[in-house]
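Student: sequence first, predicted coordinates after that:
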Amino acid sequence: MDSRHEGRLIVFSVGAAVVALAGAALAYVAGASAWLSAVVSVVLLMVLTLAARRAQTRRWGFARRSWRGEYRGRSVEVVFDERLVFLNRLTLVVDGQQVDQTTIWYGTRLLRGDGITVEVGSGWIGECTGVEVRSADGPTVALQEQG
């Protein structure tokens, strides 16, 4: 993602936070309890953040990204598919064969297959934060994003 798109996403996120706080304030002024106002704020923030993420993947073409590298003479690829709204689909391909698949929203997931373990991290709006091949007896190898 280039800086222009990052800037737009940041502006949209700040706007979403302002709208969420305004929604909470309106709910409180209308007579809702403080906890209900907080719930309204959180729900509005989540909906607007997901809308920003969906716009990011559809408009700027980040729907499918991949990371590749060599590990102990084997070709390793992780495909990060962002086309789903709430979850991202991860696929581990070793030497051209799919060996594991899972979903991720936030945090880290481990993909395992053919003696290779890959750790994938995801940020709070679903963006990929890192892809590394893990080894109990060797160094960690970061895979490189393609394209």
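Tutor: Here it is on my side, so go on.
Student: got the contact list for A30?
Tutor: For A30, the set of contacting residues under the criterion of Cβ atoms under 8 Å, 6 or more residues apart in numbering is empty. For the C-beta atoms, the positions are set from N, CA and C on the backbone; glycine is no exception.
Student: pLDDT score for the residue in the chain sticking out farthest from the centre?
Tutor: The outermost residue of the chain relative to its centre, with distances by Cα atoms, centre = their mean, is G31 at 36.7 Å. In the predicted model, G31 carries a pLDDT score of 86.
Student: what's the answer for G15, then?
Tutor: As predicted, G15 sits at a pLDDT of 80.
Student: just give the nearest non-adjacent residue to it, would you?
Tutor: Across the structure, with Cβ to Cβ, 6 or more residues apart in numbering as the measure, the residue nearest G15 apart from its sequence neighbours is L48 (7.7 Å).
Student: which parts of the protein are helices?
Tutor: Listed from the start of the chain, the chain has helices (DSSP state H) covering 3-29, 34-59.
Student: where does this protein dip in pLDDT?
Tutor: Of all residues in the chain, those with pLDDT under 70 make up the ranges 1-7, 9, 53-62, 83-86, 125-126, 147.
Student: quick check: domain ranges of it?
Tutor: Annotated domains of the chain cover 3-59, 64-146 [automatic domain parsing].
Student: end-to-end on the longest one?
Tutor: So the one you mean is domain 64-146. Length of domain 64-146, first residue to last, Cα to Cα, to the nearest Å: 11 Å.
Student: thank you, goodbye.
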